[in-house]
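Enquirer: Model the structure of this input:
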Amino acid sequence: MNRRPSRVLAFALTAGVLVSASACSGVQGVEPTNERPTASPAAPSSPAASATFSLTVTQARDALLGPAELGERWSATQGGATWRDGLLKGRTDVPDCQRLLDGLYAEDLLGRPKGPGAVVGLDESDTQAQLRYQVAAYGAPAEVDAKMAWLRTLPEKCAEFTSTDVRGVRQTVRVRPAALPGVGDAREGLRMTVSAEGDLYGETPTLTLDFAAVRVGDRAVSLTNGGLGGAEGDFTAQAVQLGTQRLHDVLANRPPAPRPTDRPSDRPSAGAGAEQG
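Expert: Just a heads-up that it's a prediction; the model follows:
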């Protein structure tokens, strides 16, 4: 399969666009979220304050997924995707849709974590997708549920809208619900596509991006998965299923299941970019 068009499009979309340092932060391997320069929670003011959190940085790191859970096509990230500034940094006159774009770009759709957390970035070799996976402690469970309730309204409020990127190019954005495994205390999933007007190298650049979040008490796992080559929904579901179980194991002081060394198949049954309902 020829990967050149996706790579060329990713490069072309950043022509004349300054790729921000924040776009690359938080995806270079594993790191605690309270060390990220953007979208990071405030550090606890004292040891007494930190003791109130129901998750430690060590637990958050232990609960992260690695490439082995998803298959041989995945590896530690080589850096933030260039399409972030090219397609996610858009402007629209619809407030809820603007909030969606801003939250995806800033990587804080669930809000800023109130406690410790950790994040990892992974790259996929076939479709050139990137997966950003975070485990963090938030406020009361009701705060996370309120964010999820808002996310649930977006397939109707933002089913299709127009945004303008930093170069003034108009984009068509579509938002659909995405099915997730029935894990955790609450969960929500979205699939968004961003199609730029115009034609580059014989292709219309289209970003397909999954967002998924699962609440476990006042903690949550959240992820984005996708890129210009599509988003394979089965990988999103797999990360949600395995990641939530891993967090449960860590919180229960059970050793997480050993990371697999060989998977019978690393290709999900659904094709890249397939819609989930």
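
Enquirer: show me where pLDDT drops low in the chain?
Expert: For the chain, the stretches with pLDDT under 70 are 1-52, 198-203, 256-277.

Enquirer: go with 90
Expert: Where the chain drops to pLDDT under 90, the residues are 1-54, 68-69, 72, 77-89, 125-128, 139, 165-169, 196-205, 229-230, 254-277.

Enquirer: Need the residue closest to the centroid of it.
Expert: For the chain, the residue nearest the mean C-alpha position is Thr224 (1.6 Å; Cα atoms, centre = their mean).

Enquirer: quick one: secondary structure of that one?
Expert: For Thr224, the secondary-structure state derived from DSSP: H, G, I helix; E, B strand; the rest coil is strand.

Enquirer: how far away is it from Gly168?
Expert: Distance, Thr224 to Gly168, using Cβ to Cβ, to the nearest Å: 25 Å. For every residue, glycine as well, the C-beta is placed using N, CA and C.

Enquirer: cool, Pro113 as well?
Expert: Per Cβ to Cβ, Pro113 is found 35 Å from Gly168.

Enquirer: the more surrounded of these two?
Expert: Pro113 (27 against 7; other Cβ atoms under 10 Å).

Enquirer: Surely that one is within a helix?
Expert: No: according to three-state DSSP, Pro113 belongs to no helix; its state is coil.

Enquirer: Am I right that it is in contact with Val144?
Expert: No: in this structure, Pro113 is not within contact of Val144 by Cβ atoms under 8 Å, at 10.1 Å.

Enquirer: Pull up the overlap in contacts between these two.
Expert: Shared contacts of Pro113 and Val144 (Cβ atoms under 8 Å, 6 or more residues apart in numbering): Tyr138.

Enquirer: Three-state assignment for Leu154, please.
Expert: Here Leu154 is helix, with the state taken from three-state DSSP.

Enquirer: Helix, strand, or coil at Arg176?
Expert: With three-state DSSP as the criterion, Arg176 reads strand.

Enquirer: quick one: it from Gly117, how far?
Expert: 28 Å.

Enquirer: Would you mind telling me which of these two has the busier surroundings?
Expert: More neighbours surround Gly117 than the other of Arg176 and Gly117, with 32 against 17 (other Cβ under 10 Å).
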